[in-house]
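> Below are the sequence and a predicted model for it; my questions follow.
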Amino acid sequence: MNINRRAVNLAGFLACALMLAYALYAQFQQNLEPCPLCIFQRIGIAALGVVFLIAALHHPRSRAGRISYAVLIALAAAITAGVAARHVYVQHAPAGSIPACGAPLDSMLQMFPIAEVIRKVLSGGGECAVVNWTLFGLSMPAWVLICAIALGLAGLLANLKAR
């Protein structure tokens, strides 16, 4: 089967752009405020989209170039999927086991070093446990998890193929 790497990379970029566009629509038109874990997932999807776009534009012919993009795509997808999985876990944790809502992300960034902010955000607060949007019974973080895994696998496989 002949896979067009450039087409797969462009499709990956477009998928990421559409996901971010919908997240912004949900925030500004449906008034769904993103929690800190949602913002981290957006950053991950944006990074994944940028790697897909650069891979499509560069379209390396060398094996080392293809492997480099495959690894970068897999890494960005894995990190995004990890954050999304953590968010899904926080949403399904028993009541009382989730810490109370924390400070907004912009306030934490002003008060703490970045490593501490990441640790606090990944611990998940009460605002991250709220499920206020579903599609086919799955929350937005669950969809991000599915999409990040699918995009990561597609990018990995397409960029590892010789042709």
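Received it, and whenever you're ready, just let me know what you need. Residues are numbered from 1 along each chain as shown.
> Now do the buried residues in stretch 14-31.
15-16, 19, 23, 26 (16 or more other CB atoms under 10 Å). Quick note: C-beta positions are derived from backbone N, CA and C, even for glycine.
> okay, now Asn132: neighbour count?
12 (other CB atoms under 10 Å).
> Just give the closest residue to it, not the sequence neighbours.
Leu32 (5.9 Å; CB to CB, 6 or more residues apart in numbering).
> Can you classify the one you found by secondary structure?
Under the three-state scheme (DSSP: H, G, I helix; E, B strand; the rest coil), the conformation of Leu32 reads as coil.
> Contacts only, for it.
Residues counted as contacts of Leu32 (CB atoms under 8 Å, 6 or more residues apart in numbering) are 26, 132-133.
> Repeat that for Tyr69.
Contacts of Tyr69 (CB under 8 Å, 6+ apart): 9, 51, 54-55, 58, 60, 155, 159.
> will you turn the contacts of Leu32 into a markdown table that also has distance to Arg42?
Output for the contacts of Leu32, formatted as a markdown table (distance: CB to CB, whole Å):
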| residue | distance to Arg42 |
| --- | --- |
| Ala26 | 11 |
| Asn132 | 16 |
| Trp133 | 14 |
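> quick one: which of these is nearest to Leu145?
The nearest member of the contacts of Leu32 to Leu145, counting by CB to CB, is Trp133 at 14.4 Å.
> and the closest one, how many neighbours does it have?
13.
> related to what we said a few turns ago, only whichever of the contacts of Tyr69 are buried, select them in PyMOL.
Typed into PyMOL, the line below selects the buried ones among the contacts of Tyr69, using 16+ other CB under 10 Å:
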select buried, resi 9+51+55+155+159
